[in-house]
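Asks: sequence first, predicted coordinates after that:
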Amino acid sequence: MIRRIVLTLSGPVVSVLLALLVTTLFLSLSGYSAASAYEVMWNYGIEPASLVSALNNAVPLYIAGIAAAFALRMGLFNIGIDGQYRVAALAGAVAAAQLPFDLAVRLPLSLLVGSVAGALWALVPALLKVYRGVNEVITSILMNAIATTVVAILLANVFRAGGGQDTGTAIIDENGAMPVLVDLGIGNRTAITGFLVVAIVLGVLFYLIQYRTVFGFTLQVAARSPDAAESAGIKVKHRIIWAMLGSGAIAGLIGMPHVLGTAHRFDGTLPIDLMFTGLAAALLGRMHPIGMAFGAFLLAFVERSSQVLGLVQLPTEVGSVFMAVILLSSAIGYWFTEKADQRIALWRAIRARRRMPLATDGAEAAR
Amino acid sequence: ATLVLSACSGQTAATQPSGDPDAPKIAMIYGTTGDFSFMDSAYKGFTEAQEKYDFTPLDFSSPNTDDFQDRIDLAMSEGAGLAIGIGFQYATPMAETTDHPDTAFVAVDIDKGTTIPDVTTISFAAEQSSYLVGVAAALASTTGHVGFIGGVDQPSIQNFFVGFEAGAKSVNPDIVVDSTYLSPLGDFTGFSDPTKGKEAATSMYAGGADVIYAAAGGSGLGVYEQALASSTPDAKVWAIGVDGDVYQQVDESIKPYILTSAIKNVNVAVEDSIAAFLDGTLEPGEQLFDLSNDGVGYSTSGGFLDEFEAQIEEARQAIIDGDITVPSAL
Amino acid sequence: MTDTITHVAARPSPTRLAPGRAALRTGLRWALLGFGLIVIAQYVADAPGIAASSTWGSALRLTVPIAIVAMGGLYSERAGIINVGLEGMMIGGTWMAGLFGWLWGPWAALGGGIVGGLIFGLLMALLCIEMGLNQLIVGVSINVIAAALARFMADIVFNGVDGGTIAHSPRIGGSLPTIGIPFLSGGFGTFDLTRVMEASGLPVVAQLGGIVGGLTRDVSITAVIGLLLIPATAYVLWRTPFGLRWRAAGERPAALQALGGDVHRTRWLAVLIGSGMAGFAGGYLVLISQGYVEHQTAGRGFIGLATLIFGNWMPSGVFLGSSLFGFSDAVGLGRPETFRALLFILAIVFVVVGVSRIMKGERRGGIAPLVLGVVLVLVFLFVPLPSGLATAAPYLVTLAVLVVAGVTMRPPAALGHVFPRKNARS
Amino acid sequence: MVERKELVRLTGIVKRFGTFVANDRIDLSVKAGTVHAIVGENGAGKSTLMKILAGEENPDEGTIEIEGVERSFRSPREAQRAGVGIVHQHFLLADALRVWENVVLADEPGSALRLDTAGARRRVGELAAANGFSVDVDAVVRDLGVGARQRVEILKVLYRDARIIILDEPTAVLVPSEAQSLFAAMRAFTEAGASVIFISHKLDEVLDFADEITVIRAGEVVGHRMPAETSARELASLMVKVAMPSVEPRIEPPGEQIVLEGRGLTVGDEGEVPALDDVSFSVRAGEILGVAGVEGNGQSELMLALLGRVAARGTVSVSGADVSGLSTEQRRGGGMAYIPEDRHHDGLVLSMPLRENAALGHHTHRPVKRGPWFSRSGAAAVAERIIARFDVRGGGPMTLASSLSGGNQQKFIVGRELGSDPRVLIAAHPTRGVDIGAQSAVWAELIEARDRGLGTLLISADLDELLALSDRVIVFYRGTIVGELDPRATDAETLGEYMTGVRSDRIAAPIDQEAAE
Ligand SMILES: Nc1ncnc2c1ncn2[C@@H]1O[C@H](COP(=O)(O)OP(=O)(O)OP(=O)(O)O)[C@@H](O)[C@H]1O
Ligand SMILES: Nc1ncnc2c1ncn2[C@@H]1O[C@H](COP(=O)(O)OP(=O)(O)OP(=O)(O)O)[C@@H](O)[C@H]1O
Ligand SMILES: [Mg+2]
Ligand SMILES: [Mg+2]
């Protein structure tokens, strides 16, 4: 048991160390001082405001990670998350601004509208995969580009409320916006967004659905062996559709923290790259709800702390390089720890065998 | 390869910004350089100011679109006396940050008519310069057909088109003005895809346009290249640049095809506000950079506009005098 | 491009490489139908752009980078390694092409592109083949790393150099030659027949001149090399010992290994060649802009990946897919009526496909194209298209064709499977 | 018997996987021109030994001598050069490639720049013809049946001029006629001076065709016999400590109630020759209805149709209730159980533990399903029960299915399917590739379930199994039933005639079929 815990923990630790090593190497070779970079990043990163901001920014990454993982556990690579959250953010922003209800009704409804929009956008690749055998990756890529255009057209011709350079939809007042969960009050801007609750709920739901329900079980079976699934009475096509719908519905919430929490409108300049950073968080966390939370926080932390790199005359890109390397080294880190674990297991087994009398032979050991 | 790279690296590891510690700190908060447009221009203004004046620069750039507030906070917490935000997205967070006694705010490239308490807002009348290059385009065109290539289909770029079209039509009401945007709102690849810029220009030149105004950031490179490629000995075609004086930036071989550039002096705005802050004259309120104060304009490098100078200047004066009101998309 | 409709499901290795008589005849029939439609569409939609040499020239130039990067993906995926990192390899290609081109000229830029792609190909091979890491993770990481590194390194190398900034390399002096076909499209200073045909304005003649001229006039040597890579790859794939092993490595590596083939070496080679090609595609882009421009790949690596799947992991399919994409992209960049003309052509083709399928008794396969075709006809006749829609033209067209085509996708059977070095169990 | 030259000598071969010894000081000598059989229970180490000889695994100790020369193979290729060729227990063919491509792979004729396609096809075609194999060299392997696939595997070996041909359980998947032609081919090889090493769990054929027999148990050689001097019983007792599987004649007749019935079942698109053509049959409670037929004559389609996995015309009823419109899940819920043809393909999820595998098909009801939840403890209990009751050896509920031996995997599936007390069982090749110990166990379970009233549709390629277990046998040929036989009054030979279309009780059926083609 202890070995398992140590092993699970050592994966990320080794990854981060590896990432530090590689980034340091890079910075040094390019003639920068890595130590000073890490120092300012760390000092800025651990300020309360930074930690809170990282936590808030980790929320959309986490949601994106869950969305990706939801499909990946069914063996589907939903690379269309990008388009799904874009469409959903527009729909959600319009709903949050226009619905004639109080916050208690309007907020959940807007979230629901976003989810439904995201799910519908994901339905296209799902249906094409099931009924036309078209790989979901290709349709998702196409749907992303189409989403951008469709959203732009809708925004320009239908929903635009802002003037001048502001292309946004109508402003969402406090009756539609996500309230602050708690203001820690330790320094400037240490309010934690209410979306943290949404993220936690999603994480729990993800865990329960994927790990604990019969539905999750059937998804796993369908992913690993479609034929065994069919023979056991599990309809693989339905699982594909549900997995994509679920992924899309979750993806629909990715843009909501920005829309309902930060910008209070949809303005066509959603944070980009949330999909890939979220995917990175998912992969970092091995698609486990808790692991992904760590992954998302880590990435958000690096993103936030790299803002100060300008202080040491370093380009902000160092942050991106660092994040990219972390992603890669996470894979390598797990590889190392797995190898190490196998070694240890083998070594122990050999020792155990040596201590045992030679009465039992190989056949027994095999059983 | 790394050895070669570090050998030609200009940077050294500097742990602290240069300059004396008592000098005032000035922060520029912006997206990322390399947009071939106002970010680059602003950055140029910031670096040039560092050479002229004594202050400690705080260079805060970030590619993200959801941390404008963070960067304002960062500038304040680092003790910046002045924080210059580049881009209209700073308007809202700066308006919401009401308590900044020790830090003056400048917001660059804000919509005209925006006033924020305790913030200096700088806006550019880009439609005016576009109008003038539209006039130039119509005068230079022999086919009665000109074109516009925008990077991203967003209001700030549409504004260039509106001015350009009005200018061209003022010379020749029957002129055909084509327009194309390379990517939709929200997809910024249109600012950095010279391949597409080039093909859009190919198609426009082939369709009969002989002057193309490119407001497309890095994609403009493709348009300029195509002006050279589409020209034949008997039919020369032109390209018009944007933001800075493109004639000065491109290769010798392309220079003969750059008719003019619509200039938007973001660098001047940045430099001026730094100077004003340092000698204590920076006032909150709106500053409009337009033709009247040379905040926007057009370039004459290459001398291709010499024969039309009178007409363009006339239009310019008319705008300054208010005889012509240039339409705006903003 | 209309040929895509007839594009059939992946077949195993063709018994003959050159298309047979019957295939040629169907191909010809579709080409004639397509050409006829283009002529009609030009007049119906009043869109000279649809048959203009500029449009077809653009289509060719926009097709090439996608085709090359997709072929690069084909190399690694046919060997069993999923390549989501194409975009990153392409970015590496643009950066290195910028560097090499600036230092040593345009030919070197192409070489630099290959080198840039190879750097990430090496990484991918090492991590995916040797260490057996998850190929999706590696691919995604390569994309992220390449983008970050390109900017970081540009800051160090290009920034501050005369004519360079963090976002672009100094201009590449000189360019590679372009060629045309003598007496047809004015190659080598000869008479340019197609230009005269196009200018004549005569129905059929002008369109033929426009299309042929556009496709053959002033074609850059890079495009020629890039397009030649497609038949070359098809040859390698189907007609060489390496090709056989390469396919086996992606279908059933254990079978290859059991017969003494070296799965790892085959996969290494395939990944490296593929990454070099992805980088080459980057180099192609750089030569168009005469320098590296940050983000200039603009997602073409992903489009390449989509094209690869669209093309069912076949060189011919990749060619069709990328031409479809390139052509609609060119049309989307042109005047709005050109886009309407394309809509018209698609509508008619879909209706024809639908009707002919229904007449052949494939009722279910015929309904989708018929409905889509009729909808497009109605849109063409009655709905004014929003101007912004044109930017999505290639994506919409590709999606529509996918809906209609009904291709059975057949990815390499071992795609994504790790093949450990020792004690491999199938 | 004339004294023959020794072609292969293995001495003191030891192979360890981790701490587990798969081969323990094995000595083996194979003479030229002979068929040398190796028998042993599942997991005894036969395949491992052969992989060592074929250069795919390195022995930890011991030496390999080929024609008296000591060799150490570092790769399969070196073994091939030395004349060793192996046909694997599980086929190693690339489905998407053509026959000739699979054969010449890694030894292609022509230069590096040009594969001599024509030459390769000719060569493979000639090889096939010379050995009496009827395979289309241009066929895509995906479209081939098992028999043809095996011939391709053998062609691979012959193409490389192997003199030592290893066949690892080649007959497990073959029907008798195919097996007969394989034995004929084996004879031809030995007459040409080659040696065949032959692994099988079917002791009869070992006794009939081998010249020498080596018995392995738990990684060690426990016996060496000549076929003439031994019996199946003796071999079995050397291999394992269980009796030969046998079936007592049944005392009570099957019940009267019809539990499974198919009426006019047809599978296939309109306008095509149907894979299953208007098949009607019924199974009564407590009855085992055997289905004989060469693989690919509609049996798979029948099973899928009964299970509701393919679209079929006609009706299926269970205990009198029409289930044609129901999904697989509903049919299983209604008391249908299914032992699939290929345990790896659709019987188990190899990468999941036994706990999850035990839940397959039982996931719609308690104890696995509690409300919407998947009950881990419920599933584990089911797995425990199967493991205990069906003597599945090799691990507990958390063991991965992939790490069980084939026989134990099979027992686990049988246990899972019978564990829910179904009314109807559709069982395909329930003892394929399973050692005789496991075979006895599986048979006993099927008989016991039968006596409890289970109606079984038994599809098997093993005619002895069919004849031993069935109460009635129907024979499939080209998608239709061509005969119904009483197993007590018939023999394998007669069955074979029906199976190959030589005989048919279906009036005018053969003419019909011909017309359809
Ligand atoms: N790659 C491997 N790693 C670990 N253990 C292995 C491996 N291959 C085989 N073994 C072990 O070696 C033992 C012998 O396996 P082998 O394949 O030789 O059995 P076999 O006699 O061929 O059985 P069967 O009759 O089922 O084919 C197995 O029980 C297994 O535990
Ligand atoms: N991953 C594994 N680790 C350890 N042992 C394994 C593993 N996979 C298979 N084995 C063992 O290897 C032995 C032989 O494996 P093989 O692939 O030959 O299957 P098999 O048991 O012979 O199956 P079948 O009876 O279907 O032919 C089996 O006894 C099994 O226990
Ligand atoms: Mg075996
Ligand atoms: Mg076996």
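Replies: Sure thing, it's come through. Numbering: from 1, shown residues only, chains lettered A, B, ... in the order given. Ligands and ions are numbered 1, 2, ... in the order given.

Asks: how about stretch B:236-253: buried residues?
Replies: B:237-247, B:249-251 (16 or more other Cβ atoms under 10 Å in any protein chain shown). Where you see a C-beta, it was placed from the backbone N, CA and C, and this is true even at glycine.

Asks: quick check, pLDDT for the residue of the stretch 201-350 of chain C found nearest chain B.
Replies: In the stretch 201-350 of chain C, the residue that lies nearest chain B is C:Ser289 (3.4 Å; Cβ to the nearest Cβ). If you check C:Ser289, the pLDDT there is 87.

Asks: which residues of chain D lie near ligand 3?
Replies: Selection of chain D residues close to ligand 3 by Cβ under 5 Å from the ion yields D:47, D:89.

Asks: domains of chain D?
Replies: D:6-239, D:258-335+D:422-500 (the TED database).

Asks: in the stretch 201-350 of chain C, which spans are strands?
Replies: Taking DSSP state E, counting those that start in this stretch, the strands of the stretch 201-350 of chain C run over residues C:219-220.

Asks: near chain A, which residues of it?
Replies: With Cβ under 8 Å from any Cβ of the partner chain as the criterion, the stretch 201-350 of chain C comes near chain A at residues C:299, C:302-303, C:305-306, C:309-310.

Asks: dump stretch D:250-265 to CSV, keeping only the CA atoms.
Replies: Output of stretch D:250-265 as CSV, limited to C-alpha atoms (Å, rounded to 0.1, in the frame of the first residue of the first chain):
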residue,chain,number,x,y,z
ARG,D,250,-27.5,-40.2,-20.5
ILE,D,251,-30.2,-42.0,-18.6
GLU,D,252,-33.0,-39.5,-18.6
PRO,D,253,-34.2,-38.2,-21.9
PRO,D,254,-34.3,-34.4,-22.5
GLY,D,255,-37.5,-32.5,-21.5
GLU,D,256,-40.3,-31.7,-23.8
GLN,D,257,-40.4,-27.9,-23.5
ILE,D,258,-38.8,-26.0,-26.3
VAL,D,259,-36.5,-23.4,-24.8
LEU,D,260,-34.8,-22.0,-27.9
GLU,D,261,-36.3,-21.8,-31.3
GLY,D,262,-35.2,-20.2,-34.6
ARG,D,263,-37.6,-19.9,-37.5
GLY,D,264,-36.5,-18.9,-41.0
LEU,D,265,-33.4,-17.1,-39.8
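
Asks: buried set for that stretch?
Replies: Those would be D:254, D:258-262, D:265, for stretch D:250-265 by 16+ other Cβ under 10 Å.

Asks: so which of these comes closest to B:Ala42?
Replies: Set against B:Ala42, the nearest of the buried residues of stretch D:250-265 by Cβ to Cβ is D:Leu265 (76.5 Å).

Asks: surely the closest one meets D:Ala311?
Replies: No - D:Leu265 lies out of contact with D:Ala311 (Cβ atoms under 8 Å); the separation is 11.3 Å.

Asks: give me the number of residues near B:Gln50?
Replies: Residues contacting B:Gln50 under the criterion other Cβ atoms under 10 Å in any protein chain shown number 19.

Asks: any residue of the longest helix along chain B touching chain C?
Replies: If you go by DSSP state H, chain B has its longest helix at helix B:155-171. No - counting by Cβ under 8 Å from any Cβ, chain C has no neighbours in helix B:155-171; the shortest distance is 11.0 Å.

Asks: and that helix, how far from the chain's centre?
Replies: 15 Å (Cα atoms, centre = their mean, to the nearest Å).

Asks: before we move on, back to that, turn the buried residues of stretch D:250-265 into TSV, columns for distance to ligand 2, secondary structure and pLDDT.
Replies: Compiled in TSV, the buried residues of stretch D:250-265 are given as follows (distance: Cβ to the nearest ligand atom, whole Å; DSSP: H, G, I helix; E, B strand; the rest coil; pLDDT from 0 to 100):
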residue	distance to ligand 2	secondary structure	pLDDT
D:Pro254	31	coil	75
D:Ile258	34	strand	87
D:Val259	30	strand	88
D:Leu260	28	strand	90
D:Glu261	33	strand	90
D:Gly262	29	strand	89
D:Leu265	30	strand	89
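
Asks: now the domains of chain D in CSV, with distance to C:Leu399?
Replies: Below are the domains of chain D laid out as CSV (distance: least, Cβ to Cβ, whole Å):
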stretch, distance to C:Leu399
domain D:6-239, 27
domain D:258-335+D:422-500, 28
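
Asks: do you know how far B:Gln154 is from C:Gly388?
Replies: 11 Å (Cβ to Cβ, to the nearest Å).
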